[in-house]
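Trainee: Prediction below, plus the sequence it came from.
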Amino acid sequence: MRKPLSRVSLIVPLIVFIVAQGPLQSLIHSQRKVYKLLPPVDVLVLYQLMPAEAITITVIGTMLGGFRGVAAKMLWLKSDEYWHSGRWYSMLPIMRTITWLDPSFVQAWDIAGWHVAYNLRAEAKTEEEQDEYVRKGCEILEEGIRWNPRSWELLFQLGWTHYDKSGNLEEAIRWFKRALPYEDWKPGDLPRTHHMIAHAYERLPDIPLALKTWKDDFKYEHYCGANKGAVETITERYVVPWKLMEQGRFEEAIAWMDRLSEREELRHSSIVRHVLAEIYRRMGDLETAQAIMEQWSNKNKLDAGARYKAKLWKRIIERKEQMKGSLTEPQKQP
Amino acid sequence: MRVIWVIARNTFQEAIRRKFFWVVFLFALVAIASANLFSGIAPGEEKKFVFDFGLGSITLFGMLITIFLGATMIPSEVDRRTIFTILSKPVRRWQFLLGKFLGLALTTLVTVACMGILLVVIHSYVAKGLDVNVIKAVALAFFQLLIIGAIALAASTRGSLAFNIVFAVLIYFVGAQSSSLLALAEPEKHLAVERAQHEEAISWKAYVFRGVLKTVYWLVPHLDNFDVRQAIVTESVVPWQTVINSILYGLLYCSVLILVAVVLFQDQEF
């Protein structure tokens, strides 16, 4: 009669399992990471931040495994309820939970990024806090783009947030340009992206590229009020001073811009200030350029680009002064 | 081999004679068939919703069927005293157990296949074309359920019915979250650097906590290995290599569980 299997005999297959499981699981894990099959954000932080009722939906949805998408949709309805009841801060963890449950839910990433960069920023007390919210909003959108790299909506929204809120126009142009090749746009999205690239070039400023972008726009929507008018005004107002600046004739370029800024219809023009500041910057007078941008950003709170440049250039000037100070400071005798 | 097959066939026939099986199975079919009716809560994403809801139903109802059948397998034989008749014949205990497992696997296979075919048909109708990835996802769901069935069966060799069901359900819940367990155990790889540094600075308790989580992670079945929903809803390709590796993992885990069950069952006295 054969002996029954003993418990000791378990050890061998268990060791085989543990040895084989490690590399196999690591391989599966790395493959799942590459193919974006793993959850996108850490659960710990979410569970700490989530309101109680959201936790219930999330736990049920995720534990039942298959219903993550359905749980995300339910939370989406919940977030709408929070929005209407003014619980703005509670909305964020819910939205992050939605993006965790269903990272392909483009609208959730879009609204979450916008909510942080706009609504929560508006509630912030200090300028530092405001900048932090805008940065966080952009991070959420970037994370959403990593999961949905072909989403025009997210790429455009990130470009727009940089243009309108962070003021980093180079970043805005980069994201708007990334949005261009995708064809999931609705009617009007393509010219809208194109217009935004041109507007960002106007404020960067890079007048030749702004002009080229507006002219290229004719291909997309032929002549419309916007592109036709933009080509005419840029040619009339900014091409000459820009050329003068490039030739090193800064005084003449500044005189031209001063005359422009005195015109009644251009008293509120951002482009005039950006071009003028750029001329001073290229002339080597960063202090004046910074002062122009600071003054303008105080006057026109909506020009995030001016605020961004004013801050950036201020930091550069301060650093230069610090360096100067450290070079001129007499060395102490030992 | 013939003995094992006879037991497996009987187990399958016995399973499909149960009222519970038919109630859950028919409910699952109705749920999958009506997935398209509920897709209104996700306008513009009907295809995604149908797949998500359908696969969710397959997993949930398949889990209920597998756990219930697996957990009742040995206790019901003992209650009805049929186990004494069977084991008094020239049937070895491991053959009995393996036959039971194969019967359970066959029942799960038939159940998942029926639900899967229905899902593929409805999804193809909504998506206006067949998506091979849906078939891959259904196949992976079957292996996920197979592991759960093996756990329920292994538990049923010793535990009471209530214990077996609760144990298998809990393992399912933890297993379905295993990648989250790893994220919690290795925050530096998953969180932002400064937050991870903050975690590092907490205390030795954090290390103990992480150690426990990691141990649990390596012990529980990684059921989320079988979840490829993300790739499907984003219309990416589910690579065959991932599917094969996950199936291999499932088979490996099931083999060990059956071995554990056999050893636990060997010296069980009735």
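Mentor: Now that the structure is in, tell me what you want to look at.
Trainee: use CA for all of it now, contacts and neighbours both
Mentor: Noted.
Trainee: Within the helices and strands, which one has residue A:259?
Mentor: Residue A:259 belongs to helix A:250-262 when elements are defined using DSSP states H and E.
Trainee: hmm, who's touching that helix?
Mentor: Helix A:250-262 has contacts (C-alpha atoms under 8 Å, 6 or more residues apart in numbering or on different chains) with A:237, A:240-242, A:244-245, A:266-267, A:272-273, A:275-276, A:279-280, A:283.
Trainee: In it, which of the residues would be classed as buried?
Mentor: Of all the residues in helix A:250-262, those buried under the rule 16 or more other C-alpha atoms under 10 Å in any protein chain shown are A:250, A:253-254, A:256-257, A:260-261.
Trainee: buried stuff in stretch A:18-38?
Mentor: If you call a residue buried by 16+ other C-alpha under 10 Å, then stretch A:18-38 has these buried ones: A:18, A:21, A:24-25, A:28-29, A:31-32, A:35-38.
Trainee: Could you do stretch B:22-38 as well?
Mentor: For stretch B:22-38, by 16+ other C-alpha under 10 Å, it's B:24-25, B:28-29, B:31-33, B:35-36.
Trainee: residues in contact with residue B:265?
Mentor: B:93-94, B:157-158.
Trainee: on that earlier part again, want to throw the buried residues of helix A:250-262 into a markdown table with pLDDT?
Mentor: What follows is these, written out as a markdown table (pLDDT from 0 to 100):
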| residue | pLDDT |
| --- | --- |
| A:250 | 95 |
| A:253 | 95 |
| A:254 | 95 |
| A:256 | 94 |
| A:257 | 94 |
| A:260 | 91 |
| A:261 | 89 |
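Trainee: Just put those residues in a markdown table and tack on distance to residue A:115.
Mentor: Shown next, in a markdown table, are these (distance: C-alpha to C-alpha, whole Å):
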| residue | distance to residue A:115 |
| --- | --- |
| A:250 | 43 |
| A:253 | 42 |
| A:254 | 41 |
| A:256 | 42 |
| A:257 | 38 |
| A:260 | 38 |
| A:261 | 36 |
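Trainee: pLDDT weak spots in chain A?
Mentor: A:1-7, A:9-10, A:39-66, A:182-187, A:221-223, A:327-334 (pLDDT under 70).
Trainee: again, 50 this time
Mentor: For chain A, residues meeting the criterion pLDDT under 50 lie at A:1, A:41-42, A:334.
Trainee: Spell out which parts of the stretch 101-250 of chain A neighbour chain B.
Mentor: With C-alpha under 8 Å from any C-alpha of the partner chain as the criterion, the stretch 101-250 of chain A meets chain B at residues A:102-104, A:148.
Trainee: The same query, at a cut-off of 10 Å, please.
Mentor: A:101-105, A:147-148 (C-alpha under 10 Å from any C-alpha of the partner chain).
Trainee: Which elements pack onto the strand or helix carrying residue A:80?
Mentor: Element membership for residue A:80 (DSSP H and E) is helix A:68-84. With contacts taken as 3 or more C-alpha pairs under 10 Å, 6 or more residues apart in numbering or on different chains; DSSP states H and E, helix A:68-84 sits against helix A:52-63, helix A:88-101, helix A:106-114, helix B:46-79, helix B:229-233.
Trainee: how distant is the third one from the center of its chain?
Mentor: I take that to be helix A:106-114. Chain-centre distance of helix A:106-114: 12 Å, with C-alpha atoms, centre = their mean, to the nearest Å.
Trainee: hmm, who's touching the next helix or strand after it?
Mentor: Next along the chain after helix A:106-114, taking DSSP H and E as the criterion, comes helix A:121-123. The contact list for helix A:121-123, computed with C-alpha atoms under 10 Å, 6 or more residues apart in numbering or on different chains, reads A:88-89, A:114-116, A:127-137, A:165.
Trainee: among those, which ones are buried?
Mentor: Counted by 16+ other C-alpha under 10 Å, these give A:88-89, A:114-116, A:130-137, A:165 as buried.
Trainee: Just give me the closest of those to residue A:316.
Mentor: Using C-alpha to C-alpha, residue A:131 comes nearest to residue A:316 of these, at 18.5 Å.
Trainee: Run through the neighbouring helices and strands of the host helix or strand of that closest one.
Mentor: Assigned by DSSP H and E, residue A:131 belongs to helix A:127-147. Contacts defined by 3+ C-alpha pairs under 10 Å, 6+ apart place helix A:127-147 against helix A:88-101, helix A:106-114, helix A:121-123, helix A:152-161.
Trainee: pull the CA atoms of it into CSV?
Mentor: Provided in CSV are the C-alpha atoms of helix A:127-147 (Å, rounded to 0.1, in the frame of the first residue of the first chain):
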residue,chain,number,x,y,z
GLU,A,127,0.5,84.0,-4.7
GLU,A,128,2.7,81.1,-3.9
GLU,A,129,-0.3,78.9,-3.1
GLN,A,130,-1.9,80.0,-6.4
ASP,A,131,1.2,79.0,-8.4
GLU,A,132,1.3,75.7,-6.6
TYR,A,133,-2.3,75.0,-7.6
VAL,A,134,-1.6,75.9,-11.2
ARG,A,135,1.5,73.6,-11.1
LYS,A,136,-0.6,70.8,-9.6
GLY,A,137,-3.3,71.2,-12.2
CYS,A,138,-0.7,71.0,-15.0
GLU,A,139,0.7,67.8,-13.4
ILE,A,140,-2.7,66.2,-13.3
LEU,A,141,-3.2,67.0,-17.0
GLU,A,142,0.3,65.7,-17.9
GLU,A,143,-0.5,62.5,-16.0
GLY,A,144,-3.7,62.2,-18.0
ILE,A,145,-1.8,62.7,-21.2
ARG,A,146,0.6,59.9,-20.3
TRP,A,147,-2.5,57.6,-20.0
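Trainee: so how far is that helix off the chain centroid?
Mentor: For helix A:127-147, the distance to the chain centre is 6 Å (C-alpha atoms, centre = their mean).
Trainee: can you give me the helices in the stretch 1-150 of chain B?
Mentor: Along the stretch 1-150 of chain B, the stretches classed as helices by DSSP state H, counting those that start in this stretch are B:2-16, B:19-33, B:35-38, B:46-79, B:82-88, B:93-127, B:132-156.
Trainee: Pick out the residue in chain B sitting closest to chain A.
Mentor: Chain A sits closest to residue B:56 of chain B, with a gap of 3.3 Å, by C-alpha to the nearest C-alpha.
Trainee: And for residue A:234, the neighbour number?
Mentor: 18 (other C-alpha atoms under 10 Å in any protein chain shown).
Trainee: Quick check: it vs residue A:198, distance?
Mentor: Residue A:234 sits 11 Å away from residue A:198, going by C-alpha to C-alpha, to the nearest Å.
Trainee: cool, and residue A:139?
Mentor: Computed as C-alpha to C-alpha, the residue A:139 to residue A:198 distance reads 24 Å.
Trainee: Which one's more surrounded, these two?
Mentor: residue A:198 (27 against 15).
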